[in-house]
Each structure stands twice: as structure tokens, then as C-alpha cells.
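what's the 3D shape of this:
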Amino acid sequence: MDVKTVCLGMLSDGEASGYDLKKQFESTFAHFFAAGYGSIYPALSSLHADGLVDCREEAQDGRPDRKVYRITDDGLAHLRGALSETNLTHRVRSEFLAAMCFAHLMSAEQIAAILDHRVTELSRYLAMFDEFDECNGEWTDGMRFVCGFGRAITEASKRYIEANRDTLTAAPDLKRTAAQ
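Predicted coordinates:
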């Protein structure tokens, strides 16, 4: 599923600006789908050009006009078509896991720092899930499922790191060259 489709899904809940969508990517979607302004605004522009969203501008004092997007009937039909796909992947792109593949090239201090940072990050996500529980009553069943799935993966990841951090072996000699 691409950024355009996720934006359509978000807009199916109501009107939003690119800024509003970015905030939703940073909160509700943060644990499983990353998107920044560099992908959100081009997606909205493309959706608008394709007639899948409408756009209106709202004047703001001392700032450029705010563009507010609304999904069209064609956009909703497009979204429903995209949601009918059953062969969806669950991809994880993790700089953390990529680095851990090369832990044998790091010092024990580097490994510990990376693992400590990751545990801290996971703890922040768990706190975010706790905040979500407070407003869970107004969420759809799907949103509650995704929150629960995210919590389960985050808790399992944290437990795994804490239980297995000592299995990583640091480089015996950091002066080793690539040719050796």
C-alpha cells in the first residue's frame, strides 16, 4: 500500500490538510508506516490531479493559505478497490536490524548504545499506545486491531532485546582491515 492510498484512507475519516495528515503519520501510523512531507504533498497533488480528492484553500493570518483536502466519491471507490487486495505484505525496514547484522564489527560500547537507544524508543512507543488507550472508544475496530498489533510487536521486540542483548559479540579488534 502506498502513501496515496493511506492518505485516501485517512481522508475517508474527514477533511484534512497535509499538515494534519503528517501529524497522523507521526502518531497513529508511526509504528508501522512512515511518511514525511516529501511524500505526503506529492501524493495529495497526484490524488487531486486524478480527481480522487478535492482541495479548497483557507486563508490564514500571516501565513500562506491552508489547503484542505476531501476524498471524492471516485477516491472512495479507488480506496475500496485498493482495500480489496488480499496479498498485502508486511515489510519492515529497520536501520536497527541492519546495524545488528554487523554487530561483530562494532565495539561492545557501540552495541550497548544502539540497544539502549532502541529499548528507549520502544518504551516511547509503549507510552504512545497507553495514550491511545485513553481515546480508544472512538476508534474503529480496525484502528483498535492495529494499535493492539503494534503494542504486541513492540512489547515482544523490547523483551527480545532485553533477553538476548548479551548474545551479540563485539569486534575483538577494531583495527582489523577489510582485506583481513
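
so which residues of this protein form strands?
Per DSSP state E, the chain carries strands over the ranges 16-17, 53-60, 63-71.

which of these sits closest to Gln24?
Of all the strands of the chain, it is strand 16-17 that lies closest to Gln24, at 7.5 Å by C-beta to C-beta. Every residue, glycine included, has its C-beta placed from N, CA and C.

name the residues that touch that closest one?
By C-beta atoms under 8 Å, 6 or more residues apart in numbering, the residues outside strand 16-17 that reach it are 10, 24, 66-69.

okay if I get the residues you listed as JSON lines plus pLDDT and distance to Ile111?
Output for the contacts of strand 16-17, formatted as JSON lines (pLDDT from 0 to 100; distance: C-beta to C-beta, whole Å):
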{"residue": "Met10", "pLDDT": "90", "distance to Ile111": "38"}
{"residue": "Gln24", "pLDDT": "85", "distance to Ile111": "35"}
{"residue": "Arg66", "pLDDT": "91", "distance to Ile111": "46"}
{"residue": "Lys67", "pLDDT": "94", "distance to Ile111": "46"}
{"residue": "Val68", "pLDDT": "96", "distance to Ile111": "47"}
{"residue": "Tyr69", "pLDDT": "96", "distance to Ile111": "45"}
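
hmm, which of the residues you listed are the buried ones?
10, 24, 67, 69 (16 or more other C-beta atoms under 10 Å).

can you show me the CA trace of stretch 105-121 as PDB?
Output of stretch 105-121 as PDB, limited to C-alpha atoms (Å, rounded to 0.1, in the frame of the first residue of the first chain):
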ATOM      1  CA  LEU A 105      32.300  -5.100  13.500                       C
ATOM      2  CA  MET A 106      31.300  -2.800  16.500                       C
ATOM      3  CA  SER A 107      32.700  -2.300  19.900                       C
ATOM      4  CA  ALA A 108      30.800  -3.500  22.900                       C
ATOM      5  CA  GLU A 109      30.100   0.100  23.800                       C
ATOM      6  CA  GLN A 110      28.600   0.800  20.300                       C
ATOM      7  CA  ILE A 111      26.400  -2.300  20.600                       C
ATOM      8  CA  ALA A 112      25.200  -1.300  24.100                       C
ATOM      9  CA  ALA A 113      24.500   2.300  23.000                       C
ATOM     10  CA  ILE A 114      22.400   1.100  20.000                       C
ATOM     11  CA  LEU A 115      20.500  -1.500  22.000                       C
ATOM     12  CA  ASP A 116      19.900   1.100  24.800                       C
ATOM     13  CA  HIS A 117      18.600   3.600  22.300                       C
ATOM     14  CA  ARG A 118      16.300   1.000  20.700                       C
ATOM     15  CA  VAL A 119      14.800   0.000  24.100                       C
ATOM     16  CA  THR A 120      14.200   3.700  24.900                       C
ATOM     17  CA  GLU A 121      12.500   4.100  21.600                       C
END
